[in-house]
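>>> generate coordinates for the sequence data below:
(chains A, B, C and D)
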Protein chains: 2
Amino acid sequence: MPRTTEGAVGARPTIRDIARVAGVSKASVSYALNDLPGVSEETRARIRATATELGWRPSAAARSLSRARAGAVGLAVARDVHLLEEEPYYMRFIAGMESVLAREGLSLLLSVVPDVDAAVEVLRDWWGERRVDGVVLTDLRVEDPRVALVTELGIPCALRAGIDDRMPDGAQLALSVETERQSFVEVVDHLVAQGHRRLARVAGPREFLHTRRRDIAWAEVTRSALGRAAPVVVADYTSAGGLAATRELLAGARPPTAVVYDNDVMAAAVVAERASLGVRVPEDLAVVAGEDSMLCRLASPAISCLHRDVVADGARSARLLLEVVLGRSSEVSVTEPHRLVVRGTTAPGAPAAPAAGG
Amino acid sequence: MPRTTEGAVGARPTIRDIARVAGVSKASVSYALNDLPGVSEETRARIRATATELGWRPSAAARSLSRARAGAVGLAVARDVHLLEEEPYYMRFIAGMESVLAREGLSLLLSVVPDVDAAVEVLRDWWGERRVDGVVLTDLRVEDPRVALVTELGIPCALRAGIDDRMPDGAQLALSVETERQSFVEVVDHLVAQGHRRLARVAGPREFLHTRRRDIAWAEVTRSALGRAAPVVVADYTSAGGLAATRELLAGARPPTAVVYDNDVMAAAVVAERASLGVRVPEDLAVVAGEDSMLCRLASPAISCLHRDVVADGARSARLLLEVVLGRSSEVSVTEPHRLVVRGTTAPGAPAAPAAGG
DNA sequence: CTGAAAGCGCTTACAG
DNA sequence: CTGAAAGCGCTTACAG
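Here you go, the predicted model:
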């Protein structure tokens, strides 16, 4: 093995070094290394060998400057840090994105900020400073200022939305189309088949676009199955909020025998506190969580839920974003619906919960 | 308000535009906008006003190229995606990092890959392409190839390690010093005070440096408290692994009355499956989790654990990294130890678990 | 097929 | 205090 200069700390070679060593011009090096025509195969091979030998890597900044492309995309998560604790979701979503981005040599910029206004500032910085070629938005709010921003600035963007959610025209948007209806049909069918007639739902905050979609889908599906729309109480995704909403429902004139929760934390809190709520699960109250997690799997009884492939969702979002950034084809993709996973909280015949304290 | 050109999609102004509008040279613009001497206050004010009016932001690529600094740091998480699902940890760590980085105008590059070898490749790319000025490493392994890499290439790096963990000389390392001993002293004291004499620990994989530190600390602390080192069974952080290890311990000649788990998932699995394990918690078996999470809080009984401020850890790591990158002072910081949080799995007097099924 | 040259948007000595 | 110029490391027409 020839001795390389690679070991010298901080001494990173440039195409200039390669050109000198290989005895060609910088331009030829660039052509050779980018697989462009303009160099003979022999020269190309020599240049490639030299580049490898020197341990050359393209400078992202230089490339970005001359190509007018950042070589990176951004994900600005807008969520309070206390709710994040309850969100194993994102790392898997990011792992999915990564699997697509890595193939294209793109980096991922991540920002975690408490609210959408802070996220708007981050996006404005990223775009203004040309740090990203596009962004992925999650947890869309109703009238989301981030959507207004990416539209105004023309930032390529991937997001998940319902087919009926109105998105601004002219924006560089790639949509993953979500459908909550199909998921609710599965859930409601399952519960009705078990004899439930008094259903209810504990929703997440109304500021989220997906909450609004679920509101509409829930009303339609329950009306269709039961003759009238089943009630909804709004909560805030926290265990305290989920418990309060459940108490409210149970204290009503027609207490539900089955409740569907918009996330896993609220459902898990209710299952954990079933004694203080004065119900048996699932005998008195069936419970379904809107998201799957360890929380659902390790609860006693384990919690029936709507499960989705989060890694695949991340990969899809990244793929869609790249299509917009690179000006490719489609730009709309239909997300796979949540899949109902039946566990102990809706199946009386399922393994019984361990006896308390023994 | 004067009409700006900001609205024109894609038309992002440069210092050249500012120079033209303000009637000065590009150099003056640069000096003015970077708060450097060389321009009169009057000119500086005019240039600033023009920059604001045009909606100018510095091009990260151009700045990076001329300053030879990326303006970003990287975090390469090396963990299997299935274990990630059980890791709400990282998003909070990142939020903590962000709070420090944002102040300095630095971006965060994130990569989530399955193992350390893949992480090494990511780091090599980031550094070779000058995408980052430094990196934060987490979940250090024994003989971690990432540490070898950052040493070899001279990459500024922040990581958490024990005071006895040998780190290579000459590296640009900023250390957060961890001590597991103090945490174990608290746990063991607590358990012994409740009459426990037969303790055991279910450890995480031995490949992790922190597992090795815990092994040493556990042996010392239990020997000191009980006269001999309490047993350890190695598991893999998963619920199945935690259950298997616990079965092994319970089937032994001297089954433990209290078990300390290296993470939350294994502890939660054991609490959930206590019936099938044939024990009451905490009467027959006290349980302590090595990390806090919703899983611990929502278990029945709620799980006693070692709790830490993950957001603060993230902020500390970012701060230390910046010191190395900017060539500032210290570079060593002592991490706050985990704090013991006593809940139902170690306190017989605590609120009883809800009765099974109601 | 090959090379000299301009340009991307900044920074920074260096003369005036 | 101010401006012309070179340079950071690439890409890309444009002549040879």
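>>> state the mean pLDDT of stretch A:282-294.
The average pLDDT within stretch A:282-294 is 95.
>>> next, the buried residues of that stretch.
Of all the residues in stretch A:282-294, those buried under the rule 16 or more other CB atoms under 10 Å in any protein chain shown are A:Pro282, A:Leu285, A:Ala286, A:Val287, A:Val288, A:Ala289, A:Gly290, A:Glu291, A:Asp292, A:Ser293, A:Met294. No exception for glycine: its C-beta is placed from N, CA and C like everyone else's.
>>> of all these, which two lie farthest apart?
Maximum pairwise distance in the buried residues of stretch A:282-294, criterion CB to CB, is 22.0 Å, between A:Leu285 and A:Met294.
>>> re the thing from before, just checking, which of the buried residues of stretch A:282-294 belong to helices?
Among the buried residues of stretch A:282-294, the members found in helices (DSSP state H) are A:Met294.
>>> just the ones of the buried residues of stretch A:282-294 in strands?
Judged by DSSP state E, these include A:Ala286, A:Val287, A:Val288, A:Ala289 as members of strands.
>>> any idea which of the buried residues of stretch A:282-294 is closest to A:Thr345?
A:Val287 (4.0 Å).
>>> and the nearest residue to the closest one once chain neighbours are set aside, what helix or strand is that in?
Excluding its sequence neighbours, the residue lying closest to A:Val287 (CB to CB, 6 or more residues apart in numbering or on different chains) is A:Thr345, at 4.0 Å. Using DSSP states H and E, A:Thr345 maps to neither a helix nor a strand.
>>> next, count neighbours for A:Thr345.
Close neighbours of A:Thr345, defined as other CB atoms under 10 Å in any protein chain shown, add up to 29.
>>> how near is it to DNA strand C?
Here A:Thr345 is placed at a distance of 56 Å from DNA strand C (CB to the nearest atom of the strand, to the nearest Å).
>>> does that residue touch A:Ala302 like I think?
Yes. Here A:Thr345 reaches A:Ala302: they are 7.1 Å apart, a contact under CB atoms under 8 Å.
>>> any common contacting residues for these two?
Counting by CB atoms under 8 Å, 6 or more residues apart in numbering or on different chains, no residue touches both A:Thr345 and A:Ala302.
>>> and the residue nearest to A:Val287, its phi and psi?
In terms of degrees, to the nearest 10, the main-chain angles of A:Thr345 are phi -80, psi 0.
>>> residue contacts, it?
Listed by CB under 8 Å, 6+ apart, the contact partners of A:Thr345 are A:Ala267, A:Val271, A:Val281, A:Pro282, A:Ala286, A:Val287, A:Val288, A:Ala299, A:Pro301, A:Ala302, A:Ile303, A:Ser304.
>>> as a markdown table, the residues you listed with distance to A:Ala119 would be great.
Conversion of these to a markdown table gives the following (distance: CB to CB, whole Å):
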| residue | distance to A:Ala119 |
| --- | --- |
| A:Ala267 | 28 |
| A:Val271 | 33 |
| A:Val281 | 37 |
| A:Pro282 | 39 |
| A:Ala286 | 37 |
| A:Val287 | 33 |
| A:Val288 | 31 |
| A:Ala299 | 32 |
| A:Pro301 | 38 |
| A:Ala302 | 35 |
| A:Ile303 | 31 |
| A:Ser304 | 33 |
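>>> close to chain B, is the worst-scoring helix or strand of chain A on mean pLDDT?
In chain A, no helix or strand scores lower on mean pLDDT, DSSP states H and E than helix A:81-84, which sits at a mean of 74. Yes. Applying CB under 8 Å from any CB of the partner chain, one finds helix A:81-84 in contact with chain B at A:Val81, A:Leu84.
>>> burial measure for the closest residue to A:Pro13 other than its chain neighbours, as a count.
What sits nearest to A:Pro13 in space, not counting adjacent residues and going by CB to CB, 6+ apart, is A:Leu54, at 4.2 Å. Around A:Leu54 there are 19 other residues, counting by other CB under 10 Å.
>>> in stretch A:97-114, what counts as buried?
So for stretch A:97-114, counting by 16+ other CB under 10 Å, buried means A:97-102, A:106-114.
>>> I'd like the average pLDDT over the lengthiest helix in chain A.
Determined from DSSP H, the single longest helix within chain A is helix A:209-226. Mean pLDDT, helix A:209-226: 96.
>>> can you name every helix or strand that the very next helix or strand once past that helix contacts?
For helix A:209-226, the following helix or strand on the C-terminal side (DSSP H and E) is strand A:232-234. Applying 3 or more CB pairs under 8 Å, 6 or more residues apart in numbering or on different chains; DSSP states H and E, one finds that strand A:232-234 contacts strand A:199-203, helix A:209-226, helix A:239-250.
>>> so who does A:Ile15 touch?
A:Ile15 touches A:Lys26, A:Val29, A:Ser30, A:Leu33, A:Trp56, counting by CB under 8 Å, 6+ apart.
>>> SS state for the residue nearest to the spatial centre of chain A?
Centroid-nearest residue in chain A: A:Phe93, 4.9 Å away (criterion: CA atoms, centre = their mean). Put simply, A:Phe93 is helix when judged by DSSP: H, G, I helix; E, B strand; the rest coil.
>>> doesn't A:Gly314 make contact with it?
Yes. If you go by CB under 8 Å, A:Phe93 and A:Gly314 touch, sitting 3.9 Å apart.
>>> OK, contacts around the nearest residue to A:Arg12 once chain neighbours are set aside?
Spatially, and ignoring its direct neighbours in sequence, A:Arg12 is nearest to B:Gly128 (6.7 Å; CB to CB, 6+ apart). Shown in contact with B:Gly128 (CB under 8 Å, 6+ apart): A:Arg12, A:Gly55, A:Trp56, A:Arg57.
>>> nearest to chain B, of these?
For these, the minimum distance to chain B (CB to the nearest CB) is 3.1 Å, reached by A:Arg57.
>>> count the residues that sit near A:Glu248.
By other CB under 10 Å, the residues close to A:Glu248 number 15.
>>> spatially, what comes nearest to it if we skip its sequence neighbours?
Leaving aside its sequence neighbours, A:Glu248 sits nearest to A:Val233 (CB to CB, 6+ apart; 5.6 Å).
>>> for A:Gly278, same thing?
Counting by CB to CB, 6+ apart, A:Gly278 lies nearest to A:Leu250, which is 7.5 Å off, once chain neighbours are set aside.
>>> quick one: that neighbour and A:Ser276 touch, right?
No. A:Leu250 lies out of contact with A:Ser276 (CB under 8 Å); the separation is 11.3 Å.
>>> when those two are compared, which one has more neighbours?
A:Leu250 (17 against 11).
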